[in-house]
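Novice: Could you work out the structure for the sequence below:
(one chain, ligands or ions: 1)
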Amino acid sequence: MTSTMLDLYEKIVGEAVIGHLRQLAEPLADMKVIHVNSTKNGGGVAEILHQLIPLKRELGIDAKWEVITGDAEFYQCTKRFHNGLQGIPVGISKTLLDNYEKTNERNAEVLREELEDADIVFIHDPQPAALLQFCPDRIGRWIWRCHIDVSKPYRPIWKYLRKYVVNYDASIFSLPAFARHLPHTQCIIPPSIDPLSEKNIELSREEIDSVIHRFHLDPDKPIILQVSRFDRFKDPLGVIHAYKLTKNFIPVQLVLAGGGAADDPEGEIVLNEVKTAAADDPDIHVLLLPPDAHRTINALQRASDLILQKSTKEGFGLTVAEAMWKGKPVIGGDTGGIRLQVVNYHTGFLINTPEGAALRIRYLLNNRPKLQEMGKKAKSFVLENFLITRHLREYLTLMAALTQEDVGERLEL
Ligand code: UDP
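Specialist: Residues are numbered from 1 along each chain as shown. The predicted structure is shown next:
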């Protein structure tokens, strides 16, 4: 099979990696695989699916992506799931839970035929988790793919969601620390970035400069950047605090770039808090970007001297891998998936407080050779561990394992 996309990946990851993918995909050819999540734009899950689905298709798998829809109350409920799973003690009324179930039931009515007919269904995160119970005649294997840091969930929320998750054939978590007591196969598969996407491809110096110019950034002052939805777990106020501590000693400008996710109702509140904290400081740039601003984010990451991801909880943190791929060290919260990517003192620094972040920012801005060395290590760490080809290999392996009998039959033919 000749294929341009895979040929391009081959140039980055090598022939053996692509050959392996083709080999793994062969027995899965024409399999109907459906991924379901709750937003086409915004957040890491959508980011990954945009890239993963075409790649699976190129490998001969009949892959599709479906998005469930819901009203404001549905997203209010699922945001509370999200907060609860990440450890915040939240209450959810029976009315909201009933609406969650009804919304899943309504979506199942629309999608039932194809879901029940699919060989493999990947359900991403809690929003569509209840779909399974409304597809009683499904013939395929269903996998619950959790992207959230569920290491210490608020018990009542996990207990509620668990009753849906137990009926799946497998679940996937991003880190061993997130695995739960479940009566089925659990896999640890960290997410990945796509080096060929608009978010991550190489850009010309002119394009990077034009973005610096467009947002009125000072080309002669170091730039520190955090790219994130405006979400409390991303701690944008902590980032502003760290910046303020830094600028007492060294000239620096801060860019907080973010946008909303269609399934995140709290963004606006957090954005207003950020704007208030940033007021009157011309060196803080709060950029509210549209969901398709991938090249702009790419340019901002490349224009920055170093990147912050000061999350207090993080399922994985694609923004970390994106920054590292651009040769930037990351100063990140010592939590969840950031720990997997930021190897302390090597690819960046892990921190717990704004003071800790400020100390590391100063250290790196005052030690350019170290900053560059860490950035170089960061890039090769992503090349080895967090590119989409590795992610796909692990998905294909799991798909083959779960459909072993069908695959066995196909191979005998
Ligand atoms: N992102 C974006 N625009 C924004 C904010 C974030 O395109 O305004 C992207 C970001 O580059 C990354 C993804 O959305 O690819 C966020 O994924 P991450 O795992 O960092 O966090 P999540 O939002 O899933 O918690």
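Novice: Which residue ranges of the stretch 101-250 of the chain form strands?
Specialist: Using DSSP state E, counting those that start in this stretch, the strands of the stretch 101-250 of the chain run over 120-124, 141-145, 170-173, 185-188, 223-227.
Novice: Quick check: closest non-adjacent residue to the residue nearest in space to the middle of the chain.
Specialist: With distances taken as CA atoms, centre = their mean, the residue of the chain nearest its centroid is residue 44 (2.8 Å). Residue nearest to residue 44 in three dimensions, not counting chain neighbours: residue 318, with 4.4 Å by CB to CB, 6 or more residues apart in numbering. All C-beta atoms are positioned from the backbone trio N, CA, C, and that covers glycine.
Novice: for the ligand, what are the nearby residues on the protein?
Specialist: Contact residues, the chain versus the ligand (CB under 6 Å from any ligand atom): 43-44, 47, 199, 227-229, 257-259, 289, 297, 316-319, 322.
Novice: do that again at 8 Å, thanks
Specialist: Within reach of the ligand by CB under 8 Å from any ligand atom, the chain has these residues: 42-47, 147, 191, 193, 199, 227-229, 231, 233-234, 257-261, 264, 288-289, 291, 293-294, 297, 309, 314-320, 322, 337.
Novice: Among the residues you listed, which ones are in helices?
Specialist: Residues of the residues of the chain next to the ligand located in helices (DSSP state H): 44, 45, 46, 47, 294, 297, 318, 319, 320, 322, 337.
Novice: can you redo these as a markdown table with pLDDT and distance to residue 168?
Specialist: Formatted as a markdown table, those follow (pLDDT from 0 to 100; distance: CB to CB, whole Å):
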| residue | pLDDT | distance to residue 168 |
| --- | --- | --- |
| 44 | 88 | 21 |
| 45 | 94 | 17 |
| 46 | 93 | 21 |
| 47 | 90 | 23 |
| 294 | 95 | 32 |
| 297 | 98 | 33 |
| 318 | 96 | 24 |
| 319 | 98 | 28 |
| 320 | 98 | 28 |
| 322 | 98 | 30 |
| 337 | 96 | 22 |
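Novice: How about the contacts made by the residue nearest to the centre of the chain?
Specialist: 147, 191, 315, 316, 317, 318 (CB atoms under 8 Å, 6 or more residues apart in numbering).
Novice: pretty sure the last one is touching residue 50, no?
Specialist: No - in this structure, residue 318 sits apart from residue 50 without contact. The criterion is CB atoms under 8 Å, and the distance is 11.7 Å.
Novice: sorry, back to before: what subset of the residues of the chain next to the ligand is buried?
Specialist: Burial by neighbour count, 16 or more other CB atoms under 10 Å: within those this picks out 42-47, 147, 191, 193, 199, 227-229, 231, 233-234, 257-261, 264, 289, 291, 293-294, 297, 309, 314-320, 322, 337.
Novice: quick revisit: including mean pLDDT, could the strands of the stretch 101-250 of the chain go into a markdown table?
Specialist: Formatted as a markdown table, these follow (pLDDT from 0 to 100):
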| stretch | mean pLDDT |
| --- | --- |
| strand 120-124 | 98 |
| strand 141-145 | 98 |
| strand 170-173 | 98 |
| strand 185-188 | 96 |
| strand 223-227 | 98 |
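Novice: which one's the longest helix in this protein?
Specialist: Longest helix in the chain, counting residues (DSSP H): helix 94-117.
Novice: centre of the chain versus that one, how much separation?
Specialist: Put simply, helix 94-117 sits 24 Å off its chain's centre (CA atoms, centre = their mean, to the nearest Å).
Novice: List the buried residues for it?
Specialist: Those would be 96, 99, 100, 103, 104, 107, 108, 111, 112, 115, 116, for helix 94-117 by 16+ other CB under 10 Å.
Novice: do you know how far the closest residue to the ligand within the stretch 251-400 of the chain is from residue 401?
Specialist: For the stretch 251-400 of the chain and the ligand, the shortest gap (CB to the nearest ligand atom) falls at residue 259, measuring 3.2 Å. For residue 259, the distance to residue 401 equals 37 Å [CB to CB, to the nearest Å].
Novice: swap in residue 4?
Specialist: From residue 4 to residue 401 the distance is 30 Å (CB to CB).
Novice: What of residue 296?
Specialist: Distance of residue 296 to residue 401, given as CB to CB: 40 Å.
Novice: can you check residue 237 too?
Specialist: From residue 237 to residue 401 the distance is 44 Å (CB to CB).
Novice: Looking at those two, which is more packed in?
Specialist: For residue 237 versus residue 401, neighbours defined as other CB atoms under 10 Å are more numerous around residue 237 (18 against 13).
Novice: What sits closest to residue 253 if chain neighbours are left out?
Specialist: Nearest non-adjacent residue to residue 253, counting by CB to CB, 6+ apart: residue 283, 4.2 Å away.
Novice: Test my guess that the one you found contacts residue 250.
Specialist: No - assessed by CB under 8 Å, residue 283 is found out of contact with residue 250, at 11.7 Å.
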